[in-house]
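Requesting a structural model of the entry that follows:
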Amino acid sequence: MKIFSYLLILLLILPAFSQEEMKVENPEMKFISPENNEVWVGEKNIKIKVTGIELKEIQSVELFLDGKFLKEFNNPPFALKYDFGNSPKNRVLKAILRDHEGVLLREEISSYQFDDVQSVNVVEMAIPIAVIDRHGDYVRGLTKDNFELFEDGKPVEISYLNLISQRKGDFHLILLIDISSSMKDKMEYIKDAAKMFLEDLMRKSDKAIVIFFNHEVIEDTDFSNDINELVNSISLAFPFGATSLYDAIAHCINLVKGVSGRNIIVVFSDGEDNSSFIDPYTLMKKAEKSNTEIYSIGKRTYSLSSDDQYKTLLEKISRSSGGIPFFFDHVSEVKKVYKKIRKDIQAKYLLYFTPKKKGTIKTFRKTTVKLKNTKRHKIRTVKGYYY
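Model (predicted):
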C-alpha cells in the first residue's frame with residue numbers, strides 16, 4: 001500500500017515538475033530584423049523573437065541602441081519601427097531579457113562595420129551604378145577601390161560600395177501601369193508580367209506600391225512589402241479612359257520625394273500622352289531633381305508627328321536617372337522586358353559618398369564614375385544630382 005501511495009505522489013508531482021523544467025528549457029532570444037552585418041539606413045522594423053520560456057515568466061525585454069536605452073517591452077510583440085537616418089553608421093543593437101529573478105538572456109547584433117567611418121551628422125548620398133563588360137554581361141565582385149568618383153570634375157572620397165544582390169540596402173519601388181482604354185487587349189499580358197516582376201524582385205525589407213493611370217492617377221494602397229496585397233491590386237485593374245502619362249510620372253516623383261534610401265519607378269505605357277496638364281520639359285526637369293531611378297516601357301509607334309516627343313521623353317528621363325528605356329512592338333515582349341529591368345536593378349552597385357558643403361539653394365552637381373585600371377567595361381549611372 002505504501003509503495004502504491006509513493007507512486008501516486010510521484011505521478012502527481014512529475015507533470016508539474018516537467019512543466020517547470022519546460023518553461024526554462026533552452027530559452028532563446030534573437031533579432032529577426034534588422035539583419036546582422038547589414039547597412040542600417042532609413043526606417044526599419046526592429047523585431048525580437050523569444051522562445052523556450054513561458055510568457056508569464058518574462059518580466060521585460062529591454063532594447064538598447066549604441067549603448068543608449070531605446071524601449072522596454074513587457075508583452076509581445078517585441079517590435080518597433082525606428083528611423084536610422086540617411087547616413088550609414090556603425091550601429092549596435094542589444095536586447096536584455098529579464099525574468100522574475102533578474103537578467104536571463106542577452107543578445108547583440110551589429111550593422112555593417114565601416115573601416116574608417118566617423119559618426120557625424122552629415123548626409124550620405126547613394127548613386128546606382130551598373131558595370132557591363134564587352135559581352136553585355138554585368139560585372140560583379142568589385143569593391144570601392146575599383147572606382148573613382150568625381151563631383152563637378154573634382155575627386156570625391158567613396159565611403160562605401162554596396163552590391164544590391166548581396167541583400168544589403170532596401171528600396172521603395174513604384175510600379176506605374178497604364179490602364180487607358182487602349183489597353184483592353186493588352187491588360188492580361190501586363191498583369192501577368194507585372195506580378196511575376198514583383199514576385200521575383202521583392203524582398204521582405206523592400207516596399208512597393210502599384211499605381212494605375214488613365215486620364216487620372218489611381219492610387220488605392222500605400223507602400224507595402226506584402227506580395228499578396230500588391231498582386232491582388234494588379235488583378236483588379238480595368239482599362240478605360242484617356243492617357244495622362246506625364247501627370248502620372250510627376251505624381252510618382254512627388255510620392256517618393258523625401259523618402260530616404262533607394263527609390264525606383266518602373267513605368268509602363270502603351271502610347272502617347274493625350275490629357276496631361278504638365279508639359280514634357282517641366283517633367284524632365286522634375287525627374288532630374290528627383291534622385292530617383294526611372295525605368296520606362298513604351299510601345300514603339302511609327303508616327304512621324306508626336307511619337308518623337310513621347311519616345312524622347314521616356315529616353316531622357318530614364319537615361320538621366322540611371323535607368324533604361326525599353327520599347328516593344330508586341331505586348332508579348334513585355335514579360336521579357338520586365339525581366340531585364342529586374343536583373344538590372346539587382347545587378348547594380350550603390351556607391352555611397354558625402355556631398356560637398358551644401359549651398360543656400362539646391363544646385364545640380366554633375367557626377368562622373370570611372371573604373372581604375374581598365375577601359376574594357378562600361379558604366380551606366382546618373383548624370384548627377386541636386387543638393
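
For residue 91, which non-adjacent residue is spatially closest?
The shortest distance from residue 91 to any residue other than its chain neighbours is 4.2 Å, reached at residue 111 (C-beta to C-beta, 6 or more residues apart in numbering). From N, CA and C alone the C-beta is placed, and that goes for glycine too.

Is that neighbour in contact with residue 40, as I believe?
Yes: applying C-beta atoms under 8 Å, one finds residue 111 in contact with residue 40, separated by 4.3 Å.

who touches both of the two?
34, 88, 89, 91 (C-beta atoms under 8 Å, 6 or more residues apart in numbering).

quick one: which of those is nearest to residue 313?
For residue 313, the nearest member of the shared contacts of residue 111 and residue 40 is residue 88. The distance, counting by C-beta to C-beta, is 34.3 Å.

so what's that closest one up against?
By C-beta under 8 Å, 6+ apart, the contact list for residue 88 reads 39, 40, 41, 111, 112, 114, 117, 124, 159, 160, 352.

Now the phi/psi pair for the closest residue to residue 291 other than its chain neighbours, please.
Among residues not flanking residue 291 along the chain, residue 385 sits closest, at 5.1 Å (C-beta to C-beta, 6+ apart). Taking degrees, to the nearest 10, you get phi -150, psi 160 for the backbone angles of residue 385.

got the contact list for residue 385?
Taking C-beta under 8 Å, 6+ apart as the definition of contact, the neighbours of residue 385 are 125, 127, 291, 364, 365, 367.

Now name the helix or strand holding the fifth one.
Here residue 365, judged by DSSP states H and E, is contained in strand 364-371.

Give me the buried stretch members for the next helix or strand after that strand, please.
Tracing the chain past strand 364-371, the next element assigned as helix or strand by DSSP H and E is strand 378-381. Taking 16 or more other C-beta atoms under 10 Å as the neighbour-count basis, strand 378-381 is seen to contain the buried residues 380, 381.

Can you give the distance from strand 378-381 to the centre of its chain?
In terms of C-alpha atoms, centre = their mean, to the nearest Å, the gap separating the centre of strand 378-381 from the centre of its chain is 21 Å.

next one: stretch 367-374
When distances are taken as C-alpha atoms, centre = their mean, stretch 367-374 is centred 26 Å away from the chain's centroid.

cool, and stretch 72-83?
Averaging C-alpha coordinates over stretch 72-83 and over its chain gives two centres that are 23 Å apart (C-alpha atoms, centre = their mean).

quick one: contacts of that stretch?
Applying C-beta under 8 Å, 6+ apart, the set of residues contacting stretch 72-83 from outside is 42-50, 55, 58-63, 65, 70-71, 95, 260.

returning to that earlier point: spit out the contact partners of the residue nearest to residue 91.
Under the criterion of C-beta under 8 Å, 6+ apart, the contact list for residue 111 reads 34, 37, 38, 39, 40, 88, 89, 90, 91, 92.

ok, these vs residue 243, which is closest?
For the contacts of residue 111, with residue 243 as the reference and C-beta to C-beta as the criterion, the closest is residue 39, at 39.5 Å.

Check the gap between that closest one and residue 219 for me.
Between residue 39 and residue 219 the distance is 30 Å, computed by C-beta to C-beta, to the nearest Å.

If you count surrounding residues, which of these two has more?
Set residue 39 next to residue 219 and count neighbours by other C-beta atoms under 10 Å: residue 39 wins out with 24 against 16.

mind listing the helices for the stretch 1-150 of the chain?
Counting by DSSP state H, counting those that start in this stretch, the stretch 1-150 of the chain has these helices, from start to end: 2-22.

Strands along that one, start to end?
Listed in chain order, the strands of the stretch 1-150 of the chain (DSSP state E, counting those that start in this stretch) span 28-33, 43-51, 58-65, 68-73, 78-83, 92-99, 102-110, 125-132, 147-151.

Redo these as TSV? Include mean neighbour count, distance to residue 272 and mean pLDDT.
Formatted as TSV, those follow (neighbours: other C-beta atoms under 10 Å; distance: least, C-beta to C-beta, whole Å; pLDDT from 0 to 100):
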stretch	mean neighbour count	distance to residue 272	mean pLDDT
strand 28-33	16	44	92
strand 43-51	16	38	91
strand 58-65	18	51	92
strand 68-73	12	52	88
strand 78-83	14	41	91
strand 92-99	18	51	92
strand 102-110	14	51	90
strand 125-132	20	29	90
strand 147-151	17	37	94
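
want to try CSV for these, with distance to residue 266 as columns?
CSV is the format used below for the strands of the stretch 1-150 of the chain (distance: least, C-beta to C-beta, whole Å):
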stretch, distance to residue 266
strand 28-33, 26
strand 43-51, 22
strand 58-65, 34
strand 68-73, 36
strand 78-83, 26
strand 92-99, 33
strand 102-110, 33
strand 125-132, 14
strand 147-151, 26
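
out of those, which comes closest to residue 184?
Ranking the strands of the stretch 1-150 of the chain by their distance to residue 184 (criterion: C-beta to C-beta) puts strand 125-132 first, at 35.3 Å.

Show me what the nearest residue to residue 64 once chain neighbours are set aside bridges to in the sheet.
Closest residue in space to residue 64, ignoring its immediate chain neighbours: residue 94 at 4.5 Å, by C-beta to C-beta, 6+ apart. Each beta-bridge partner of residue 94 is listed here, defined by DSSP bridges: residue 64, residue 108.
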